[in-house]
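Asker: the following comprises the amino acid sequence and a computationally predicted model.
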Amino acid sequence: MIVLPTAVRKAILERAREGSPEEICGVLGGEYEPDGRSRVRSQYPAENVAETPRTRYEIDPEQQLTIFERLEDRGEEIVGFYHSHPRGPPRPSATDAARATWPDRSYVIVSLEPLEVGSWRWRAESTDGRFERERIVDD
C-alpha cells in the first residue's frame with residue numbers, strides 16, 4: 001500500500017497535463033516500507049531526458065543523484081518514482097518492466113486518457129522481475 005497525499009497527487013497530475021504529449025517523471029520521497037505501507041511526503045520533479053520522451057521516460061543520472069541528496073538532507077527515504085502515460089493506461093508497459101531497477105519501490109503511473117493514477121511495486125525476487133499492483137490511499 002502507498003499513502004499518496006491529495007496535494008502530491010494533484011501536483012503530479014498537473015505536471016502530466018502540462019507536459020503532455022511527452023511523459024513526465026520524478027522521484028517520490030517519504031517513509032519507505034518494503035513490504036508494508038509506504039508514505040509519500042513529497043515529490044521531486046525531474047527532466048525527462050529519454051530519446052523518445054513521448055513514449056519513454058528517463059531521469060538524468062546527475063539530477064537523480066541531486067534529488068537523492070535532497071531527500072537525505074530532509075530526512076526522507078526514496079519511496080519510489082512516478083511518470084505519466086499521456087495516451088496509455090496507468091499500468092506498467094513492457095518497457096517500464098524491462099527498465100525497472102529499484103526492488104520493492106513504488107512506481108506511480110499517471111494516465112491522461114483515461115485520467116487515472118495507478119501504483120505498482122517492482123518485485124525483483126523472481127528471475128524476470130514483475131510488478132505487483134498496490135493500493136493507493138489518501139492521507
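Answerer: The structure has been received and is ready for your questions.
Asker: mind listing the strands for the protein?
Answerer: 2-3, 25-31, 38-46, 77-85, 106-112, 115-123, 130-134, 136-137 (DSSP state E).
Asker: name the nearest residue to Ala46, sequence neighbours excluded.
Answerer: Ile59 (4.4 Å; C-beta to C-beta, 6 or more residues apart in numbering). (Glycine included, C-beta is placed from N, CA and C.)
Asker: coming back round to it: redo the strands of the chain as JSON lines? Include mean pLDDT.
Answerer: Formatted as JSON lines, the strands of the chain follow (pLDDT from 0 to 100):
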{"stretch": "strand 2-3", "mean pLDDT": "97"}
{"stretch": "strand 25-31", "mean pLDDT": "98"}
{"stretch": "strand 38-46", "mean pLDDT": "97"}
{"stretch": "strand 77-85", "mean pLDDT": "97"}
{"stretch": "strand 106-112", "mean pLDDT": "95"}
{"stretch": "strand 115-123", "mean pLDDT": "92"}
{"stretch": "strand 130-134", "mean pLDDT": "90"}
{"stretch": "strand 136-137", "mean pLDDT": "96"}
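Asker: run through the residues that contact the most centrally placed residue in the chain.
Answerer: Centroid check for the chain by C-alpha atoms, centre = their mean gives Tyr82 as the closest residue, at 1.8 Å. Contacts of Tyr82 were listed using C-beta atoms under 8 Å, 6 or more residues apart in numbering, and they are 12, 25-28, 43, 107-110.
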